[in-house]
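Visitor: Turn this into a structure:
(4 chains)
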There are 2 protein chains.
Amino acid sequence: MDKETYPIGKFAELSGIPVRTLHHYDEMGLLRPRRQASGHRIYGTDDLITLQKIIGLKSLGFSLERIRQFINNPKSDMSLAETLDMQKQALEAARAKLDKSLDILERMRANLQHEGELEHDMMFLLIRNMLREDKQREWVAEQLSEQTAMALFDISKDAKVELDRELLAFVQSVKRLSMGASDSAEAEVMIDFYVKRVLGFLDDEAIANFVHIPKEQHEHLEQLVDMPFDDRETAWLDEALAHYASKYGLHGMDQKEGEVL
Amino acid sequence: MDKETYPIGKFAELSGIPVRTLHHYDEMGLLRPRRQASGHRIYGTDDLITLQKIIGLKSLGFSLERIRQFINNPKSDMSLAETLDMQKQALEAARAKLDKSLDILERMRANLQHEGELEHDMMFLLIRNMLREDKQREWVAEQLSEQTAMALFDISKDAKVELDRELLAFVQSVKRLSMGASDSAEAEVMIDFYVKRVLGFLDDEAIANFVHIPKEQHEHLEQLVDMPFDDRETAWLDEALAHYASKYGLHGMDQKEGEVL
DNA sequence: CTTGCACCTACAGTAACTGGAGGTTTTATA
DNA sequence: TATAAAACCTCCAGTTACTGTAGGTGCAAG
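Guide: Next comes the predicted model:
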């Protein structure tokens, strides 16, 4: 029927794929045309079909190695439908990642707008925490309650920006106030505000669980939320919280709850 | 104020860029931190700012070489806000590309569902045409009318799937009927259906322009839409269209309009 | 029959990492 | 303070999907 054959140059022209690339596909065993006795490659219509498959699959993001497996083993246990579904899943995962990055970017931008100029440690505090949000949510859901996780993480972008802002403000307050006494009136007001804020996120189940968080989990938490505090600031915050707890009562709460914010 | 410095490991952790990549940036002169007497790298906050710029520019698709020129030539300093905005643009572009691939994938899947098993040449006909949609839209908008482009391309996914299906059916009809006479009643009905279908997409402006498409553009069109027809089938389609045109009148239309579908 | 183009292989290079070997420095612990 | 472990160093090699070049062979036309 069609026994049309072409030397590599014509075939390259026909298909729009450069000669060198065809060489490459040949070398790597992806598209091996017949050969003349002289060694010159002879491409036929079947090769054109194969090449079109290659181009198609490549454009869908498959690696050449993957395509070779697909082409050299056409009876492979994977049907076209399955391949398509697989690739779709991969692309969707990639998009989710991208969306996450966009989300972070937008929140950073929003905070910049609010604060004017953001100090660098603040910036990286934000980035780090945003990147860990998934793990944070997991931890909260497991150790406290799904309710609390929802209240903290399943919220609008604006609400997230607001939480970011409060986290920033908290850090800045601690840094500023830690120059003074840990039992100053100002410190008490600050601690009071954030303790109440945190408690607002906790439902009964979470509060019940909160008291029973084992020691090993504290370390885990610290990996999840790291505050840009030096030793002095950390010590001051411990003191201020201890003071607040002894004065107003907090049954089992320790310095960690500030970080849960 | 902040003379915070970090060894490469801490800096990597802070910035999220792997140690080996920082090595790489150092080697190529993109981000050269200070060194200890021992040779260990010391990164400071200024390096953090530089790295931010690098990440921003990189995500916009600049080559590292280009970025190096940009950074070593501190002609215009870019603010963090600008960097962030740039990055956002880049990510949005990436997502658009991803969405396009996903769109194609889903349409392929939908057609598979319809047809049960899709022959490979049909499959790749679809992929090729989907990949060229942007250029096709451009061509239609320029040569025919924006109206027509909208009617053909700015439509829902379901509508696109339906057009894909019709394209497939058209190709299959031609292949089947080209076994018989080009002036058979069946051929006439088929041609009639698709001619009317195509005309349905054209507004007055498009029809006016259609007649005046210069010869050079025909070649261009052929690059944009390629049907998997062999010489016999192509000849048959030419004949069938000529016959139809002579019988029912088509003032200037030639065989191309089938392909515009 | 020779000129010139198409074709061949083989090796090297590209970008932007990434991995590993083999050796030195810093840091934490006994 | 000694030593072990972790972190760091440099250099070389490998990755993907090409792309470039050199030096040589085959083929077709004038």
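Visitor: buried ones in stretch A:4-15?
Guide: A:5-6, A:8, A:11-12, A:15 (16 or more other Cβ atoms under 10 Å in any protein chain shown). Any C-beta I mention is one placed from the backbone N, CA and C, and that applies to glycine too.
Visitor: Touching, A:Leu31 and A:Asp47? I think so.
Guide: Yes. With contact defined as Cβ atoms under 8 Å, A:Leu31 reaches A:Asp47; the gap is 6.3 Å.
Visitor: any idea how far DNA strand C is from A:Asp46?
Guide: Look at A:Asp46 and DNA strand C: by Cβ to the nearest atom of the strand, to the nearest Å, they are 17 Å apart.
Visitor: Please see if stretch A:41-57 touches chain B.
Guide: Yes. Counting by Cβ under 8 Å from any Cβ of the partner chain, chain B is contacted by stretch A:41-57 at A:49, A:52-53, A:55-56.
Visitor: ok, and what's touching stretch A:109-122?
Guide: Stretch A:109-122 is contacted from outside by A:126, A:161, A:164-165, A:168, A:171-172, A:228, B:2, B:4, B:45, B:48-49, B:80-81, B:84-85, B:88, using Cβ atoms under 8 Å, 6 or more residues apart in numbering or on different chains.
Visitor: ok, A:Lys196 - how many residues close by?
Guide: 9 (other Cβ atoms under 10 Å in any protein chain shown).
Visitor: quick one: which helix or strand includes it?
Guide: helix A:185-201 (DSSP states H and E).
Visitor: In helices only, show me the residues of stretch A:41-57 next to chain B.
Guide: If you go by DSSP state H, the residues of stretch A:41-57 next to chain B have A:49, A:52-53, A:55-56 in helices.
Visitor: any chance of the residues you listed in a markdown table, plus neighbour count?
Guide: A markdown table is the format used below for those (neighbours: other Cβ atoms under 10 Å in any protein chain shown):
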| residue | neighbour count |
| --- | --- |
| A:Ile49 | 14 |
| A:Gln52 | 20 |
| A:Lys53 | 20 |
| A:Ile55 | 18 |
| A:Gly56 | 22 |
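Visitor: quick check, nearest of those to DNA strand D?
Guide: Using Cβ to the nearest atom of the strand, A:Ile55 is the member of these that lies nearest DNA strand D, at 8.9 Å.
Visitor: any idea how far B:Gln52 is from the closest one?
Guide: Counting by Cβ to Cβ, to the nearest Å, the separation of A:Ile55 from B:Gln52 is 38 Å.
Visitor: quick revisit: rebuild the ones in helices among the residues of stretch A:41-57 next to chain B as CSV, extending it with pLDDT and distance to B:Glu65.
Guide: CSV is the format used below for those (pLDDT from 0 to 100; distance: Cβ to Cβ, whole Å):
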residue, pLDDT, distance to B:Glu65
A:Ile49, 77, 39
A:Gln52, 77, 35
A:Lys53, 80, 35
A:Ile55, 81, 29
A:Gly56, 76, 33
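Visitor: Relative to chain B, how far out is A:Gly249?
Guide: 38 Å (Cβ to the nearest Cβ, to the nearest Å).
Visitor: That residue: neighbour count?
Guide: Residues within reach of A:Gly249, counting by other Cβ under 10 Å, total 8.
Visitor: With A:Ile71 instead?
Guide: By other Cβ under 10 Å, 17 other residues sit near A:Ile71.
Visitor: what sits against it?
Guide: Residues in contact with A:Ile71, defined by Cβ under 8 Å, 6+ apart, are A:30, A:50, A:53-54.
Visitor: if you set the cut-off to 6 Å instead, what comes out?
Guide: Applying Cβ atoms under 6 Å, 6 or more residues apart in numbering or on different chains, we find A:Ile71 in contact with no residue.
Visitor: Show me the shaky parts of the stretch 101-250 of chain A.
Guide: For the stretch 101-250 of chain A, applying pLDDT under 70 flags the ranges A:120-121, A:124, A:127-128, A:131, A:214-224, A:226, A:250.
Visitor: Which residue ranges of it form helices?
Guide: All helices of the stretch 101-250 of chain A, identified by DSSP state H, counting those that start in this stretch, fall at A:120-131, A:133-143, A:146-153, A:157-177, A:185-201, A:204-211, A:215-224, A:231-248.
Visitor: Pull the second one out as CSV, backbone CA atoms only.
Guide: Same thing as helix A:133-143. These are the backbone C-alpha positions of helix A:133-143, laid out as CSV (Å, rounded to 0.1, in the frame of the first residue of the first chain):
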residue,chain,number,x,y,z
GLU,A,133,1.0,24.2,57.1
ASP,A,134,0.0,20.7,55.9
LYS,A,135,2.0,19.0,58.6
GLN,A,136,0.8,21.5,61.1
ARG,A,137,-2.8,20.8,60.2
GLU,A,138,-2.1,17.0,60.5
TRP,A,139,-0.6,17.5,64.0
VAL,A,140,-3.4,19.7,65.2
ALA,A,141,-6.1,17.3,63.9
GLU,A,142,-4.4,14.4,65.6
GLN,A,143,-3.3,15.8,68.9
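Visitor: helices and strands around that helix, which ones?
Guide: Applying 3 or more Cβ pairs under 6 Å, 6 or more residues apart in numbering or on different chains; DSSP states H and E, we find helix A:133-143 packed against helix A:146-153, helix A:215-224.
Visitor: Identify the residues contacting the shortest one?
Guide: Contacting residues not belonging to helix A:146-153 are listed as A:137, A:140-141, A:201-203, A:206 [Cβ under 6 Å, 6+ apart].
Visitor: repeat that with 10 Å
Guide: Helix A:146-153 is contacted by residues A:133-134, A:136-145, A:154, A:159-160, A:163, A:198, A:200-207, A:209-210, A:260-261 when judged by Cβ atoms under 10 Å, 6 or more residues apart in numbering or on different chains.
Visitor: Buried subset of those residues as a PyMOL selection?
Guide: Buried residues among the contacts of helix A:146-153 (16+ other Cβ under 10 Å), as a PyMOL selection:
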select buried, chain A and resi 133+136+137+139+140+141+143+144+145+160+163+198+201+202+206+207+209+210+260+261
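Visitor: quick one: A:Arg20 and DNA strand D, what's the gap?
Guide: 4 Å.
Visitor: And A:Ser63, by the same measure?
Guide: Distance from A:Ser63 to DNA strand D, by Cβ to the nearest atom of the strand: 4 Å.
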